[in-house]
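Peer 1: need the 3D shape of this:
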Amino acid sequence: MKVCAIVGSGNRKELEAYKDGKFSSALKSRLYSRLESLILEENVGHFLCGMSAGPEMLASEIILELKERYPHISLESVIPYEAQAARWNEELRDRYFNIAACCDRETMLQKHYSPDCFNRQDLYMIGKADIIISAWMQPTTRKDRGLSFAQKLGKRVIDITYQ
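Peer 2: From the prediction side, this is the model:
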């Protein structure tokens, strides 16, 4: 069974769009169909998600929906540091903890925040995965670093660009 990691950013624009449920239905639809095809056509059975507000949490919610239809799949939350959601508003924190409660496994990479914790999170997930879904609103150094690492490891990357 293959492993897929979903990496994406949680910048302010994405955080607000995610919090308000304003991600385009096109993005949700693209993620849903891509994730389902990985399950059905490529034998992906385990998913790693970083739990950042935005495309990572959206993908986690979709995977949990898919899990109802495909109970053999599993979801692992990869948390960069313990207090990741501590400063989020209550609604977003509730959403985060609801997803976390439904995950099959939780991996916390470190106890406290550090400037490189999100890069370390991406590298951890990319290293464990066979396939990487990259969902970013705009190019970032973090994205470039992660994709470069994936290429060095010979990982397959599926880029889902959105506006």
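
Peer 1: give the bridge partners for residue 3, please.
Peer 2: Per DSSP bridges, the residues bridged to residue 3 are residue 46.

Peer 1: wait, doesn't it sit right on residue 42?
Peer 2: No: the pair residue 3 and residue 42 does not pass the contact test of CB atoms under 8 Å, sitting 10.9 Å apart. For every residue, glycine as well, the C-beta is placed using N, CA and C.

Peer 1: what residues are shared contacts of those two?
Peer 2: Between them, residue 3 and residue 42 share these contacting residues under CB atoms under 8 Å, 6 or more residues apart in numbering: residue 131.

Peer 1: between these two, which one's more packed in?
Peer 2: residue 3 (17 against 13; other CB atoms under 10 Å).

Peer 1: OK, contacts around that one?
Peer 2: Contact partners of residue 3, counting by CB under 8 Å, 6+ apart, are 44, 45, 46, 47, 48, 128, 129, 130, 131.

Peer 1: just send these back as CSV, with neighbour count and pLDDT too.
Peer 2: Conversion of the contacts of residue 3 to CSV gives the following (neighbours: other CB atoms under 10 Å; pLDDT from 0 to 100):
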residue, neighbour count, pLDDT
44, 21, 98
45, 15, 98
46, 19, 98
47, 30, 98
48, 26, 97
128, 15, 96
129, 24, 96
130, 16, 97
131, 19, 96
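
Peer 1: after the worst-scoring helix or strand of the chain on mean pLDDT, next one along is what?
Peer 2: None of the helices or strands of the chain scores lower by mean pLDDT, DSSP states H and E than helix 12-19, at a mean of 58. The C-terminal neighbour of helix 12-19 among helices and strands, as given by DSSP states H and E, is helix 25-42.
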